[in-house]
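Asks: sequence? don't have it. structure:
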């Protein structure tokens, strides 16, 4: 009986890893077993002390561009990304950490390279990830490629 219970838990964990970790898309939001297990396994934001809450960098679209980026009163870093870009995912997790320490002093957004073609062409983005820093509505710096050191330098410079 114990072996059956262990094997069923292992099957659920592997299924969750496939669905969530590897983003294969085999599971749907309506799968009650997976949804229940995952929701009970993930940490709550309320469990963290101080400002170490989980953060997510918001996506920005063409319709929001002016109000969120150009008219921002604080410097903004925008990362151009795509779902298939592995270096972009790594950079995004680093930017999440930076964003949690700079709330209210520096903003971070992402632009989907494949969905927001007008923004991509306006700023001549040809490689991913591309990070552009805006201050006062103007582009002031750019990092093309995965370069954590340079991104941190720019954030420190413009914060």
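Replies: That came through fine. Note that the structure is a prediction, hence the values are computed from the model and not measured.
Asks: residues near residue 95, how many?
Replies: By the criterion of other Cβ atoms under 10 Å, residue 95 has 24 neighbours. Every C-beta, even on glycine, is put in place using the N, C-alpha and C of the backbone.
Asks: helix, strand or coil for it?
Replies: At residue 95, secondary structure determined by DSSP: H, G, I helix; E, B strand; the rest coil is helix.
Asks: in what helix or strand does the residue nearest to it when sequence neighbours are not counted lie?
Replies: Of all residues not flanking residue 95 in the chain, residue 108 sits nearest, at 5.1 Å (Cβ to Cβ, 6 or more residues apart in numbering). Using DSSP states H and E, residue 108 sits in strand 107-112.
Asks: which strands and helices sit next to that strand?
Replies: For strand 107-112, the elements it packs on are strand 58-59, strand 76-81, helix 86-101, judged by 3 or more Cβ pairs under 8 Å, 6 or more residues apart in numbering; DSSP states H and E.
Asks: residue 65: which of those is closest?
Replies: Closest to residue 65 of the helices and strands packed on strand 107-112, according to Cβ to Cβ: strand 76-81, at 9.1 Å.
Asks: report the inter-axis angle for the closest one versus strand 107-112.
Replies: 20 degrees (axes from the mean of the first three to the mean of the last three Cα atoms, to 10 degrees).
Asks: nearest residue to residue 133 other than its sequence neighbours?
Replies: Nearest to residue 133 is residue 141, by Cβ to Cβ, 6+ apart, at 4.3 Å.
Asks: can I assume the one you found sits in a strand?
Replies: Yes: secondary structure of residue 141 (three-state DSSP): part of a strand.
Asks: and the gap between residue 111 and residue 100?
Replies: 21 Å (Cβ to Cβ, to the nearest Å).
Asks: ok, residue 75 - how many residues close by?
Replies: 21.
Asks: how close does residue 130 sit to residue 62?
Replies: 17 Å.
Asks: tell me the contacts of the closest residue to residue 57 other than its chain neighbours?
Replies: Spatial nearest neighbour of residue 57, chain neighbours left out: residue 108 (4.7 Å); criterion: Cβ to Cβ, 6+ apart. If you count contacts by Cβ atoms under 8 Å, 6 or more residues apart in numbering, residue 108 has them with 57, 76-79, 95-96, 98-99.
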